[in-house]
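A.B. asks: what follows is a predicted structure for the sequence shown.
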Amino acid sequence: MKSPVTFRLNGSATAVFADSGANLLDVLRRGCGDLSPKYGCGQGTCGACTVLIDGEPHVSCLVLAETVAGRSVETTGGLSNGPDLHPLQRAFIEGFAAQCGYCTPGMLMSAKALLDRNPNPARSDVEEAISGNLCRCTGYEPIIDAILEAAKQRGAA
Amino acid sequence: MVEVQTYPTVGEAASAMDDQARFLGGGTLIMNRVNYGDRRFSRIVRTTDASLSEIRVEGERLEVGAGVTMAAILASRDLDFLSPAARAVGGPAIRNMASVGGNLMAPHPYGDLAVALLALDAIVRMVSGEELSLEDFLARRNGVVRSLLIRRPRSDEFRFKKVSRVKPKGVSVMSMAARLTRSTGRLSGVRVAYGAMAPTPVRVRAVENALEGVSLDHAGIAAALSAATEGLDPPDDPIASGWYRREVAPVHLRRLLLGEDAR
């Protein structure tokens, strides 16, 4: 059985039919065609599927799709403004904060939630903000540096 | 495929529960099982009842709805004494989802908040109206929880500690909580609870008894440290062996009781 779910995806009104019991990640990827959030563990451990719901980070693999009805969902797919990348995306590229890239969409969304709430974070704030996102390539330091750099760039803009 | 049933009130949702149903709170436990094809249930029951997310304060008595999230605890000034335990659960995304009620149902080695609630003598109020101690609830773990009733501890008497190999987010080697109430300078009516040291969070009566009437210093707590794992058979899991948990428990208990920082 499928049930209709309407919500805002990256600012656009969206309506999909979700399989009963489907998680939000599945609906975003298969129903909406937004392949930016990644399926990693399916148990909320890795954070690769992190999206923002009403501005707050959630692991979309553990969100029952129909619970986002009427709410706002943001993914990495909506971060850039046309060809203009988000300051976080630019900082990740310039700081070599991605290697295989699988964790990157989740890292970006956790970082966005942090910077939206705290534009001038301390290093420890960044460490805490991405503590639910696993990266097996970088050792985290370039990611933390990139998020701090993005905060600096946004502050200067 | 799992059928999802949504009810406007928690009472109606509770009435729809049976062996084939699981009650969906924040989703971090149940959706995990759905994603892994758990066939032990065929229905998810949930409610949109906002009253489950309420925090009510009556002086020193607090009623915390089962749907209150770890993030909501961290945002509440009234629940500041629970902040260290709520912060010990997952990362920010999990804390935006994971609920108080779910934490009581979390399998080993999870359930860090429940450890703190055990040491606080929390009372579980079921949707049916029944009230029982958290310890009794953990022994049976069924039914739908409406809220927890907690008495605010004095600021200097409550301690919580989570031991994990990875920081700031890591699964428990063990977690410990203590409420160190005193009478005329001596400990009296102390509560001590552990997580990840038994199939569910447990009170440790051998330690509680050994702390009765003693002073809170190295000499006073010596007997309690000797009894740190008495009556317990800590489980082996990928995080730590039962042997290791048993060996290090007295060290962490000492640090908890004396307020020492880990070095």
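C.D. replies: Thanks, I have it.

A.B. asks: would you map the strands across chain A?
C.D. replies: Assigned by DSSP state E, chain A shows strands spanning A:2-9, A:12-19, A:50-53, A:56-59, A:72-74.

A.B. asks: quick one: which of those is nearest chain B?
C.D. replies: Of all the strands of chain A, it is strand A:56-59 that lies closest to chain B, at 4.1 Å by Cβ to the nearest Cβ. Placement of C-beta: from N, CA and C, glycine included.

A.B. asks: now for the closest one, which elements pack on it?
C.D. replies: strand A:50-53, helix A:104-117, helix B:92-95 (3 or more Cβ pairs under 8 Å, 6 or more residues apart in numbering or on different chains; DSSP states H and E).

A.B. asks: what sits against residue 10?
C.D. replies: Looking at chain A here, since you left the chain open. Counting by Cβ atoms under 8 Å, 6 or more residues apart in numbering or on different chains, A:Asn10 makes contact with A:34, A:73-75, A:77-78.

A.B. asks: let me rephrase: I mean chain B.
C.D. replies: With Cβ under 8 Å, 6+ apart, B:Val10 has these contacts: B:47, B:49, B:51-52, B:127, B:144, B:146.

A.B. asks: how near is it to A:Gln153?
C.D. replies: B:Val10 sits 47 Å away from A:Gln153, taking Cβ to Cβ, to the nearest Å as the criterion.

A.B. asks: please name the nearest non-neighbouring residue to the closest residue to chain B within chain A.
C.D. replies: Chain B sits closest to A:Gly132 of chain A, with a gap of 1.9 Å, by Cβ to the nearest Cβ. In this structure, A:Gly132 finds its nearest non-sequential neighbour in B:Gly91, 1.9 Å apart by Cβ to Cβ, 6 or more residues apart in numbering or on different chains.

A.B. asks: helices of the stretch 151-263 of chain B, start to end?
C.D. replies: B:205-210, B:218-226, B:242-258 (DSSP state H, counting those that start in this stretch).

A.B. asks: just the buried residues of the first one, please?
C.D. replies: Right, helix B:205-210. Buried residues in helix B:205-210, counted by 16 or more other Cβ atoms under 10 Å in any protein chain shown: B:206-208, B:210.

A.B. asks: where in chain A is pLDDT low?
C.D. replies: Scanning chain A for pLDDT under 70 picks out A:157.

A.B. asks: which bits of it sit near chain B?
C.D. replies: Counting by Cβ under 8 Å from any Cβ of the partner chain, the positions of chain A adjacent to chain B are A:1, A:3, A:19-21, A:23, A:42-44, A:47, A:50, A:53, A:56-59, A:61-64, A:66-67, A:110, A:113, A:127-133.

A.B. asks: who are the contact partners of the residue nearest the centre of chain B?
C.D. replies: Residue closest to the average C-alpha location in chain B (Cα atoms, centre = their mean): B:Ala114, at 0.7 Å. If you count contacts by Cβ under 8 Å, 6+ apart, B:Ala114 has them with B:103-104, B:106, B:134, B:138, B:195, B:200-201.

A.B. asks: turn the residues you listed into CSV, including pLDDT.
C.D. replies: Formatted as CSV, the contacts of B:Ala114 follow (pLDDT from 0 to 100):
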residue, pLDDT
B:Asn103, 98
B:Leu104, 98
B:Ala106, 96
B:Leu134, 98
B:Leu138, 98
B:Gly195, 98
B:Thr200, 97
B:Pro201, 98
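
A.B. asks: mind putting these in CSV, neighbour count and distance to chain A included?
C.D. replies: Below are these laid out as CSV (neighbours: other Cβ atoms under 10 Å in any protein chain shown; distance: Cβ to the nearest Cβ, whole Å):
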residue, neighbour count, distance to chain A
B:Asn103, 27, 14
B:Leu104, 24, 18
B:Ala106, 19, 12
B:Leu134, 24, 24
B:Leu138, 22, 22
B:Gly195, 30, 18
B:Thr200, 20, 20
B:Pro201, 29, 20
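
A.B. asks: among these, name the ones in strands.
C.D. replies: Checking the contacts of B:Ala114 against DSSP E, those in strands are B:Gly195.

A.B. asks: related to what we said a few turns ago, can you lay out the strands of chain A as JSON lines showing mean neighbour count?
C.D. replies: As requested, the strands of chain A are exported to JSON lines (neighbours: other Cβ atoms under 10 Å in any protein chain shown):
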{"stretch": "strand A:2-9", "mean neighbour count": "16"}
{"stretch": "strand A:12-19", "mean neighbour count": "15"}
{"stretch": "strand A:50-53", "mean neighbour count": "27"}
{"stretch": "strand A:56-59", "mean neighbour count": "28"}
{"stretch": "strand A:72-74", "mean neighbour count": "20"}
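
A.B. asks: ok, now how distant is the closest residue to A:Leu9 other than its chain neighbours from B:Ser188?
C.D. replies: Among residues not flanking A:Leu9 along the chain, A:Val73 sits closest, at 5.2 Å (Cβ to Cβ, 6+ apart). Using Cβ to Cβ, A:Val73 is found at 52 Å from B:Ser188.

A.B. asks: next: A:Gly101.
C.D. replies: Distance of A:Gly101 to B:Ser188, computed by Cβ to Cβ: 58 Å.

A.B. asks: and for B:Arg154?
C.D. replies: 13 Å.

A.B. asks: same question, B:Phe41
C.D. replies: Note on B:Phe41: its distance to B:Ser188, by Cβ to Cβ, is 45 Å.

A.B. asks: more neighbours: those two, which one.
C.D. replies: Counted by other Cβ atoms under 10 Å in any protein chain shown, B:Phe41 and B:Ser188 do not tie: B:Phe41 has more neighbours, with 17 against 14.

A.B. asks: how about the more buried one, what does it touch?
C.D. replies: Contact partners of B:Phe41, counting by Cβ under 8 Å, 6+ apart, are B:2, B:19-22, B:33.

A.B. asks: cool, and B:Val190?
C.D. replies: With contacts defined as Cβ under 8 Å, 6+ apart, B:Val190 is in contact with B:178-181, B:208, B:211-212.

A.B. asks: B:Leu253 contacts B:Thr229, correct?
C.D. replies: No: judged on Cβ atoms under 8 Å, B:Leu253 makes no contact with B:Thr229 at a distance of 9.1 Å.

A.B. asks: thinking the residue of chain A closest to chain B is in contact with A:Met109, fair?
C.D. replies: No: contact between A:Gly132 and A:Met109 fails when scored by Cβ under 8 Å: they sit 10.8 Å apart.
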